[in-house]
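1. okay, structure incoming, though there's no sequence with it:
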Ligand SMILES: O=c1ccn([C@@H]2O[C@H](COP(=O)(O)OP(=O)(O)O[C@H]3O[C@@H](CO)[C@H](O)[C@H]3O)[C@@H](O)[C@H]2O)c(=O)[nH]1
Ligand SMILES: [Mn+2]
């Protein structure tokens, strides 16, 4: 008999970056209506974003971000979905779920509508297993367990910091792949949740993502992207690589797999190529950098890890491109702004006063 999942309705905010009206919320109403929304309006702040009636929300546009952060607002991207991380910073809740406004409710193979948020909550409230791979995947799901040979000393698992969901229909492909496979759609529903093993990086997509903000929030900086920047569409990737090396260091887990959402809109591959192209060759240097990152033992909080990481970015990636010196400085500004808005966080191993 499966245990019901707590709604966490007073402990979770839903963060939506947007440049459009939010009619997509109508489809999510049964699943989202009881939650508080944080809408980060990108682009022209004079534009009015329509939010369907009945939702409890706060909305921040660029003027609000500038007013709240002052000069530190420069670390928040403009004209890129990376702006969403401002929502993580101003939230006061323990958990965050972030979703794009072109993501809709998907159906499982039985035709049942998927409550993506409920699955993310299940993923976050059950432990992760980064130190030893369970071949029956998530051992904490109903109807499965650890398999023979799995060390009992590791079966307690570790806290789950991130739950990374997937997408039916339009997959999150990079521009070159979109260009060569414009009609490819993801129709494969894989009924699995897995922990990303320790020491392994992964491409974190921000369109269907949840995390424990009290644990890993300060690492979820989506970088300097969009207007005035040489790169875009690497916001979630950067945050995912920083988050994964910090989770590995602090002994927390990241899960990927269920839940699926239905991603409805393929953004323009040519526009995407212009945003991504530097990232496509820079990442051949970024990945070895993150694979080689080692954080000192005295980095016992996410903030300390992140500041140390920013120093290593400056020392080792600054020679790849001047952009990484700017990004390293922005990483520090992000932490300063985070701590200003969230004075009680930053205790050892993510504990909160
Ligand atoms: O300038 C912008 C553009 C868009 N947004 C909002 O961000 C999300 C994602 O936008 P969209 O769905 O149009 O773009 P995708 O290519 O599908 O997004 C994928 O790439 C990642 C960006 O790095 C993103 O997380 C992936 O889903 C929507 O909510 C737009 O309204 C924006 O705020 N500013
Ligand atoms: Mn999209």
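-> Thanks, I have it. On a predicted model such as this, the values are computed, not experimentally measured, just so you know. Ligands and ions are numbered 1, 2, ... in the order given.
2. which element is residue 323 on?
-> Assigned by DSSP states H and E, residue 323 belongs to helix 322-341.
3. which residues of the chain lie near ligand 2?
-> Applying CB under 5 Å from the ion, one finds that the chain approaches ligand 2 through 100, 102, 265. Placement of C-beta: from N, CA and C, glycine included.
4. what residues are up against the closest residue to ligand 1 within the stretch 101-250 of the chain?
-> Proximity of the stretch 101-250 of the chain to ligand 1 (CB to the nearest ligand atom) peaks at residue 207, 3.2 Å away. Residues in contact with residue 207 (CB atoms under 8 Å, 6 or more residues apart in numbering) are 98-100, 103, 167, 172, 236, 261, 263.
5. tell me how far it lies from residue 143.
-> 29 Å (CB to CB, to the nearest Å).
6. and residue 70, by the same measure?
-> Between residue 70 and residue 143 the computed distance is 52 Å (CB to CB).
7. neighbour-wise, which of those two wins?
-> residue 70 (11 against 6; other CB atoms under 10 Å).
8. show me what the biggest helix by length in the chain is packed against.
-> Counting by DSSP state H, the longest helix found in the chain is helix 269-292. Packing partners of helix 269-292 (3 or more CB pairs under 8 Å, 6 or more residues apart in numbering; DSSP states H and E): helix 175-180, helix 235-250, helix 302-317.
9. could you rerun that using 10 Å?
-> Packed against helix 269-292 by the contact rule (3 or more CB pairs under 10 Å, 6 or more residues apart in numbering; DSSP states H and E) you find helix 175-180, helix 235-250, helix 302-317, helix 322-341.
10. still on that earlier bit, and ligand 1, which of the contacts of residue 207 reach it?
-> Counting by CB under 6 Å from any ligand atom, 100, 172, 236 from the contacts of residue 207 sit close to ligand 1.
11. what about the second one, neighbour count?
-> Meaning residue 172. Residue 172: 19 neighbours (other CB under 10 Å).
12. state the helix or strand in which it lies.
-> Assigned by DSSP H and E, residue 172 belongs to neither a helix nor a strand.
13. distance of the residue lying closest to residue 80 once chain neighbours are set aside relative to ligand 2?
-> Nearest residue to residue 80, sequence neighbours excluded (CB to CB, 6 or more residues apart in numbering): residue 226, at 2.8 Å. The gap separating residue 226 from ligand 2 is 15 Å, by CB to the ion, to the nearest Å.
14. any idea how far residue 275 is from residue 226?
-> Applying CB to CB to residue 226 and residue 275 gives a distance of 8 Å.
15. joint contacts of these two?
-> Counting by CB atoms under 10 Å, 6 or more residues apart in numbering, the shared contacts of residue 226 and residue 275 are 80, 232-233.
16. number of residues surrounding residue 104?
-> Neighbour count for residue 104, taken as other CB under 10 Å: 19.
17. an error on my part: the question was meant for residue 45.
-> A count of nearby residues for residue 45, using other CB under 10 Å, gives 13.
18. now it, nearest residue through space, not along the chain?
-> Per CB to CB, 6+ apart, closest to residue 45 is residue 61, 3.7 Å.
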